[in-house]
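Enquirer: no sequence on this one, just coordinates:
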């Protein structure tokens, strides 16, 4: 694809960045809760760059990650690479690692939302119980004999709201991870970075997304 893009005058680096936004097939089956709410709890992305980073370059990459994430976090960098971890109030944890072997740099990012899923599932469970009781009570008052239907309607309503919220937050999470990986790619392929062979740095056409599919 990058070769074809170059032939028609499109920057191959832009094609590489766009490829990171494409959802890949999941490598593991979603859990029952994930299928119920229609979205996975963990997303990850990986990219490899044929670029030689020294300790100063790794520190600059750490700064670029901090700016891209846009929220407080903890990290460590050295000549061997870096680690970065940040969590938000909703329970989602974003972690990044970069490893350099003086010939290439590998970057892996993971967004773990299992804490958020647990909160949503708990609230949905409590809401379902209340909705069943309320639905049954209202049906008993206004349409005696239809208590089961009223309870079921209340349960379905709560699950629909929970699924809608989780689906929306899932799209936001995927966009967030893509934004971080794209920022890393822009930093590592910016003018001035060179490969270990002395050429202009271009990201290798090898990316990986793990557990990024959504269940409906």
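Expert: Perfect, thanks for sending it. Keep in mind the model is a prediction, meaning the values are calculated, not measured.

Enquirer: packing partners of the helix or strand encompassing residue 47?
Expert: Using DSSP states H and E, residue 47 sits in strand 42-49. Applying 3 or more Cβ pairs under 8 Å, 6 or more residues apart in numbering; DSSP states H and E, one finds that strand 42-49 makes contact with strand 105-112, helix 147-188, strand 207-210. C-beta coordinates here come from the backbone N, C-alpha and C atoms, glycine included.

Enquirer: gap between that strand and the chain center?
Expert: When C-alpha coordinates are averaged (Cα atoms, centre = their mean, to the nearest Å), strand 42-49 and its chain have centres 10 Å apart.

Enquirer: mind listing the strands it pairs with, and their directions?
Expert: Within its sheet, strand 42-49 is paired with strand 105-112 (antiparallel), strand 207-210 (antiparallel), according to DSSP bridges.

Enquirer: okay, the spatially most distant residue from the centre of the chain and residue 133: tell me how far apart.
Expert: Of all residues in the chain, residue 144 has its C-alpha farthest from the mean position, at 47.8 Å, by Cα atoms, centre = their mean. Residue 144 sits 16 Å away from residue 133, going by Cβ to Cβ, to the nearest Å.

Enquirer: follow-up on the earlier one: over to the residue farthest from the centre of the chain. Which of the three states is it?
Expert: coil (DSSP: H, G, I helix; E, B strand; the rest coil).

Enquirer: could you verify my assumption that residue 111 touches residue 90?
Expert: No. At 11.5 Å, residue 111 does not count as touching residue 90 under the criterion of Cβ atoms under 8 Å.
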